[in-house]
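*Asks:* structure for the following, please:
(chains A and B)
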Protein chains: 2
Amino acid sequence: MDTPPHPHPGRTAGIMRFVRQRIAAREWPPGARLPSLRGMALQHGVSKSTVVEAYDRLAAEGVIRARAGAGFYVAGPLAPLALAEIGPRLDRQIDPLWVSRQSLDLGAQALKPGCGWLPDDWMPRDAIRRALRQVARDPDAPLTDYAPALGLPALRSQIARHLAARGLTVDPRRILLTDSGTQAVDLLCRFLIEPGDAVLVDDPCYFNFLALLRAHRARIVGVPHTPDGPDMDRFEAALREQRPRLYLSNAGPHNPTGARLSADKARRIRALAHVHDLILIEDDIFGDFESRPSARLSTDDDRSRVAQVGGFSKTLSASLRCGYLIAREDWLDALADLRTATTFSGAGLTQAVIARLLSDGAWQEHTRRLRQRLARAMTRAIRQLNALGLRPWHEPEDGMFLWCRLPEGIDGARLAQAGLQQGLMLAPGNVFSQTQAAGAMMRFNVSQMDDPRLPDRLATLIRTCPR
Amino acid sequence: MDTPPHPHPGRTAGIMRFVRQRIAAREWPPGARLPSLRGMALQHGVSKSTVVEAYDRLAAEGVIRARAGAGFYVAGPLAPLALAEIGPRLDRQIDPLWVSRQSLDLGAQALKPGCGWLPDDWMPRDAIRRALRQVARDPDAPLTDYAPALGLPALRSQIARHLAARGLTVDPRRILLTDSGTQAVDLLCRFLIEPGDAVLVDDPCYFNFLALLRAHRARIVGVPHTPDGPDMDRFEAALREQRPRLYLSNAGPHNPTGARLSADKARRIRALAHVHDLILIEDDIFGDFESRPSARLSTDDDRSRVAQVGGFSKTLSASLRCGYLIAREDWLDALADLRTATTFSGAGLTQAVIARLLSDGAWQEHTRRLRQRLARAMTRAIRQLNALGLRPWHEPEDGMFLWCRLPEGIDGARLAQAGLQQGLMLAPGNVFSQTQAAGAMMRFNVSQMDDPRLPDRLATLIRTCPR
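*Replies:* Here you go, the predicted structure:
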């Protein structure tokens, strides 16, 4: 007998995990019949008793159900969508939501060079207090009523004006306000893609694109990124081979690499989109960090295949939640309906506060100062990290992110987990990588590296990290 | 020859509409082959040339594509999800989003007895101004940072306290804050259902439940509603025949009927949920309108199959958007992940303002006064509507809604459309009805019927409405 007659504990756990993943990914929907005991045993090279044990335990947990004489079935309807278990095999501790969770829930005393936003004291706190008081006084402030379906006209005009200052002409009627930039991307995905549709992303890309696309059960295809945009040979190959419906990317300084899309690549991507029936979603959330605007996929004269997304959480406040999307007219109506159906209406009061802040003359000055301060922090961080043996993949012209190669033999995920024990929140490369090709990389936020304790802590962490 | 050899303009438009609807409902996904010219002509009793004309025009619009010698295909990937065209045959002008659109986008000068909220001047505007000023002054106010994944702890505690005052014991750790009650229902649906899953709703029910469930492409099953909850025979029959995954209903005074769930029916529904593997979502958005709490599907001791949703848009402000959901622990973690993936985080500043408002002693007094004022408005509205020949289906004990039968021969949709011409926004019965069985009904909001111009306008409208 090749396989032992008694259940094997490690293998039992393996079978259980396998079943759970299939259910979580909804490959096996509620009510689906599980493979027979014999089939499963053969497939996994384990004994039948191991499968019996695994199925029995899953049944005891209510994950599956036995039907007398008819095998085992996925229990319905309690089969919640577990994001972390969908998609490629990942280190379960470091899934794409890992950085979000740590960033959002770690205490204020933690050092967070891995987080994705500016420190609180870089933000225009006084201007926000002032705007709150102004709105509290304003007899016409939208204090209690629902906002119009597209959002407060005053803010939509301010956004158009604000984009015009960056050289983008946008009709305010083409702007739909959302509760966040992420929600705008989510709405577009709900509107445009079906489970199983292929979507191109940059590899590496913003980790939450991966989490969001998994929630949509898209087939995510990573295209290697270079300092001036995607690798075009690989991009074209992916178009031919995968027939993607969407390319989701971010404009301005690229997250996490700080790359800068070239005008030539922007043109080529637009042309390819027409040939290959591809839609482009451009997340412009970092646009205000650019001293000199880089190329955009969106152009003033043709929005037929490009939707643009933006928001204020990076430069103004992440607590005043508001994002927006710009899309062609026929999409916008349907998107507004979809938004009404799924969140009803926007936060009129928040929109009014942001409209005041944007109309304030101090706003341009605030973003100008942010850019200068970031440029200084970038120079300092590059020096600091070089001294520790971390090498920038590329020296970004703008923005807060620096994508670094770790010293030889150090694994990013392991370093991040060790860091957490010491109150240090890091962003390991693979959370940004669909193909898990960035194990030796780490994203740093240069604005979060001012704390004098940081260099020593990082040095110790790197020295003591097992290789 | 039975059918004319030349394309028939009306029939061409009919075929085009038929194709568009199939594509919008995604029955024909991008890339799907359209029926052959001959097949389509036979199926619709039109000439082949009519179908050729329709297909050619759709191809010119880019909706479908011809492939040489291989027929016509749905053009991909531009096939946006058009909510209004999914679901049962509806009057296209009066779909479930009709009331939302009119309510959100009609000017302030319109009379809105059809809208779903209280007039601006019933809301605690001064208290909101005060809370805004307090937050502006508070050195610890969350002005710029992202909120924790579950939402601001201060507000979650206030909500638990607030529910305790209504007799519901809830652990604040089981509360997830969302951007609206609707978003909470949407998150639960994303988490729990698949396209094609059957979902039970009350018939009539809140129209946006229908729009939301269509966005999820659920199979919606309406169960007739009675003054003390669903018709239990029909509810049980639907469980046996349709095997639904969810029952989505609203607690407190029912929208649109003002019905009140009895303790007996609540018990029976809970018991049936266990037997039939059914999940219950209870939207408690109107709970604060009850002088005497009615039965709930949620109980303190067993939340294994019930998720509860709430918010503040009805009693506090719809402009300070915030909702919440209460669910079992293992769901809550996954829901928080799903929320992070799809909207990232909540509006911390809004949450802080609401926490202040709820902690204000004036809050209980405000809701008490609202209830008294609504009770008076209800009595007055019943008298007013009776005088016009509109008969309440049931006299509600609480809340703002009155569900009325129109005078013999008047169609609600037609009346609502005529009303709109005269600046009168009405809520016709069928927008609330999955089975379109409420054409003779109309929902009135008694708090919106104070305007002295209303009785005459309504009377004229009814008199002149074609029967």
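
*Asks:* now do the contacts for the residue nearest to the spatial centre of chain A.
*Replies:* Nearest residue to the geometric centre of chain A (CA atoms, centre = their mean): A:N208, 1.7 Å. With contacts defined as CB atoms under 8 Å, 6 or more residues apart in numbering or on different chains, the neighbours of A:N208 are A:96-97, A:100, A:182, B:340-341, B:344. Any C-beta I mention is one placed from the backbone N, CA and C, and that applies to glycine too.

*Asks:* what separation do you get for it and A:I285?
*Replies:* As defined by CB to CB, to the nearest Å, A:N208 lies at a distance of 11 Å from A:I285.

*Asks:* just to revisit the earlier point, by pLDDT, rank the contacts of A:N208 and give me the bottom one.
*Replies:* Sorting the contacts of A:N208 by confidence puts A:P96 at the bottom, with a pLDDT of 65.

*Asks:* part of a helix, is the residue nearest to the centre of chain A?
*Replies:* Yes. Residue assignment for A:N208, taken from DSSP: H, G, I helix; E, B strand; the rest coil, places it within a helix.

*Asks:* for it, give me the pLDDT.
*Replies:* The predicted local confidence for A:N208 is 92.

*Asks:* ditto for A:R22
*Replies:* According to the model's per-residue confidence, A:R22 sits at a pLDDT of 79.

*Asks:* tell me which of the contacts of A:N208 fall in helices.
*Replies:* When helices are assigned by DSSP state H, the members of the contacts of A:N208 inside them are A:100, A:182, B:340-341.

*Asks:* of these, buried ones?
*Replies:* Neighbour-count burial (16 or more other CB atoms under 10 Å in any protein chain shown) applied to these gives A:100, A:182, B:340-341.

*Asks:* which of those sit farthest apart?
*Replies:* When CB to CB is used, the two most widely separated members of these are A:S100 and A:T182, lying 10.0 Å apart.

*Asks:* what about A:K112, distance to B:P139?
*Replies:* According to CB to CB, A:K112 stands 21 Å off from B:P139.

*Asks:* and stretch A:319-328, which residues are buried?
*Replies:* Within stretch A:319-328, the residues scored as buried using 16+ other CB under 10 Å are A:319-327.

*Asks:* quick check: the gap between A:R33 and chain B.
*Replies:* According to CB to the nearest CB, to the nearest Å, A:R33 and chain B sit 16 Å apart.

*Asks:* just to revisit the earlier point, who's more crowded, A:K112 and B:P139?
*Replies:* It is A:K112, of A:K112 and B:P139, that has more neighbours when counted by other CB atoms under 10 Å in any protein chain shown, with 23 against 7.

*Asks:* just give the nearest non-adjacent residue to that one, would you?
*Replies:* Setting aside the residues directly before and after it, A:K112 is nearest to A:M425 in space (CB to CB, 6 or more residues apart in numbering or on different chains), at 4.3 Å.

*Asks:* give me the residue ranges of chain A where confidence is low.
*Replies:* Applying pLDDT under 70 to chain A flags the ranges A:1-7, A:9, A:25-27, A:30, A:68-69, A:76-96, A:103-108.

*Asks:* tell me the domain ranges of it?
*Replies:* With domains defined by automatic domain parsing, chain A comprises A:9-80, A:98-121+A:364-464, A:125-360.

*Asks:* which one of those is the most hemmed in?
*Replies:* Mean neighbour counts were compared across the domains of chain A using mean count of other CB atoms under 10 Å in any protein chain shown; the top stretch is domain A:125-360, at a mean of 21.
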